[in-house]
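S.K.: Sequence and predicted model, in that order:
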Amino acid sequence: MNVTDKTKPETRDRFLLNPYTDWTAAQGIPVYEGFGVDMLACETQPWDFTEANGALIHLNGRGDYVSVFLHDLPPGGKTRPMGHCFEEIFYVLEGHGSTRVTLTDGTEHTFEWGPKALFSVPLNTPYQLFNGSGREVAKLSSTTNLPMMLKLFHNDAFVFDNPFRFTEREGLSEFYQGEGVLTPRTPGRHTWETNFIADLEQFELREWEARGKGCSNMMIIMADGTMHAHASEMPVGTYKKGHRHGPDFHVFCVRGEGYSVFWYEGEEEENYERFDWKHGWVFAPPEQMFHLHFNKGKEPCRYAATALGSLRYPFSDVKEAGFRGNDVSFKDGGAQLEYQDQPFRCHLDFLIELEKVGVKSEMGDYIDEAPYIKAIAAMKKDGTLSVPA
């Protein structure tokens with residue numbers, strides 16, 4: 001049988017393609033990689049895509065579907081009017097400005113933002129970002145599912161120049177004014193639906209003690225999207241229970257200072273990785289790597305996390321199972337590591353960190369700290385530990 005080859009010559013014999021990395025290479029802006037980065041220290045360059053300045057953040061744990069953009073608007077600057085078939089959740093790192101959104105019926109919504117604001121524009125809805133200061137830059141990060149969309153359609157015109165409008169995603173007018181709808185559920189599954197949160201640091205959370213001593217949380221649905229967001233807080237002198245999950249959860253520090261410890265099941269403690277963070281930093285835990293988040297400071301520590309697969313639209317069976325079992329012990333088929341099951345070193349290092357800043361541990365109700373205090377005393381005696389007075 002003879003088969004006529006109707007493919008274009010330039011598409012023959014092409015394989016193992018990645019349209020997103022091809023697009024990345026054509027942007028001509030810095031690309032930052034690693035376990036995590038300080039976005040406030042990242043340099044940016046002029047970016048034709050936004051007509052502002054930018055950089056790309058490609059972390060080790062980002063997975064196949066998600067990436068982070070860094071948007072840098074110079075004083076008095078703005079982006080071009082944009083609209084695209086990929087979702088973004090913006091987090092404001094520094095500066096003040098506004099976003100103008102144009103709905104299908106021509107209605108315009110403009111909302112002003114400052115540091116620690118969180119917002120999202122409905123899919124393929126025209127919008128524009130403005131820096132409201134004539135003296136200071138404005139920096140925003142945005143978690144996007146552009147890698148998934150370009151890999152799926154491998155057609156730039158479909159993703160970036162598509163006339164179709166998703167009217168059903170535009171939401172209530174109040175969603176552009178910092179208001180929202182709370183849907184109470186069980187702890188860890190309470191949801192706040194909106195398009196804009198003016199100050200994530202002051203945003204009200206709900207108690208979720210099953211995830212850790214004094215912990216609180218809120219799941220966030222933005223612009224009726226598939227992209228996920230949530231905010232969590234740890235009181236002073238505490239930390240969350242360990243857990244693990246799939247890739248693409250990007251964690252942004254909102255308030256305080258903390259650190260996280262990462263390891264794979266069965267790994268020796270000396271090989272554990274530690275990552276310290278504060279506002280401006282982002283990190284992404286790799287696939288199924290256990291990790292604990294610690295508050296090492298003198299004020300409550302809050303962070304936000306973004307990912308693909310929301311509580312409304314989990315996207316995959318794996319992500320749905322993760323949301324259902326995110327406070328169930330891994331011994332019972334869930335994803336959580338209970339305090340009594342965590343490595344000895346985790347709590348030991350935590351107590352050492354608290355001693356450095358003069359903070360009292362509040363974990364005594366969950367953990368017998370006597371063995372740890374004894375170990376610290378022995379380390380001081382033999383000179384392997386020196387804590388500033």
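M.R.: Looks like it arrived, so ask away. Everything numeric in this text was worked out from a predicted model, so none of it was measured. Numbers count the residues shown, from 1 in each chain.

S.K.: Neighbours of Gly54, how many?
M.R.: Close neighbours of Gly54, defined as other CB atoms under 10 Å, add up to 26. For glycine as for every other residue, the C-beta is placed from the backbone atoms N, C-alpha and C.

S.K.: what's the answer for Gly280, then?
M.R.: 18.

S.K.: Quick one: mean pLDDT over stretch 304-316.
M.R.: Across stretch 304-316, pLDDT averages out at 96.

S.K.: List of residues touching that stretch?
M.R.: For stretch 304-316, the external contacting residues (CB atoms under 8 Å, 6 or more residues apart in numbering) are 63, 65-66, 89, 91, 118, 143, 145, 148, 189, 191, 200, 219, 221, 224-232, 248-252, 254, 319-320, 323.

S.K.: And the helices in the protein?
M.R.: Assigned by DSSP state H, the helices in the chain fall at 19-25, 146-153, 156-160, 317-324, 344-357, 370-381.

S.K.: List the buried residues for the fourth one?
M.R.: What it means is helix 317-324. Lys319, Ala321, Gly322, Phe323 (16 or more other CB atoms under 10 Å).

S.K.: same check, this time on the first one
M.R.: By neighbour count, with 16+ other CB under 10 Å as the criterion, the buried positions of helix 19-25 are Pro19, Tyr20, Trp23, Thr24.

S.K.: Can you read off the pLDDT for the first one?
M.R.: The reference is to Pro19. Confidence score, pLDDT, at Pro19: 97.

S.K.: Check the gap between it and Gly97 for me.
M.R.: The gap separating Pro19 from Gly97 is 31 Å, by CB to CB, to the nearest Å.

S.K.: and what of the second one?
M.R.: For Tyr20, the distance to Gly97 equals 28 Å [CB to CB].

S.K.: Could you do the third one as well?
M.R.: Taken as CB to CB, the spacing of Trp23 relative to Gly97 amounts to 26 Å.

S.K.: returning to that earlier point: specify which member of the buried residues of helix 317-324 is nearest to Ser260.
M.R.: Relative to Ser260, the closest of the buried residues of helix 317-324 is Gly322; by CB to CB it sits at 17.8 Å.

S.K.: Distance of the closest residue to the closest one other than its chain neighbours relative to His291?
M.R.: Closest residue to Gly322 apart from its sequence neighbours, by CB to CB, 6 or more residues apart in numbering: His245 at 4.9 Å. Counting by CB to CB, the gap from His245 to His291 is 9 Å.

S.K.: What of Glu362?
M.R.: Counting by CB to CB, the gap from Glu362 to His291 is 21 Å.

S.K.: Report the residue spans of the chain with pLDDT below the cut-off.
M.R.: Scanning the chain for pLDDT under 70 picks out the ranges 1-12, 388-389.

S.K.: Using the record's domain definitions, break it down for me.
M.R.: Following automatic domain parsing, one gets these domains for the chain: 17-169, 344-381.

S.K.: now the first one, how far from the centre of its chain.
M.R.: Relative to its parent chain, domain 17-169 has a centroid offset of 14 Å by CA atoms, centre = their mean, to the nearest Å.

S.K.: Can you report how many residues lie near the closest residue to Phe164 other than its chain neighbours?
M.R.: Leaving aside its sequence neighbours, Phe164 sits nearest to Asn124 (CB to CB, 6+ apart; 6.5 Å). The tally of other residues near Asn124 (other CB under 10 Å) stands at 19.
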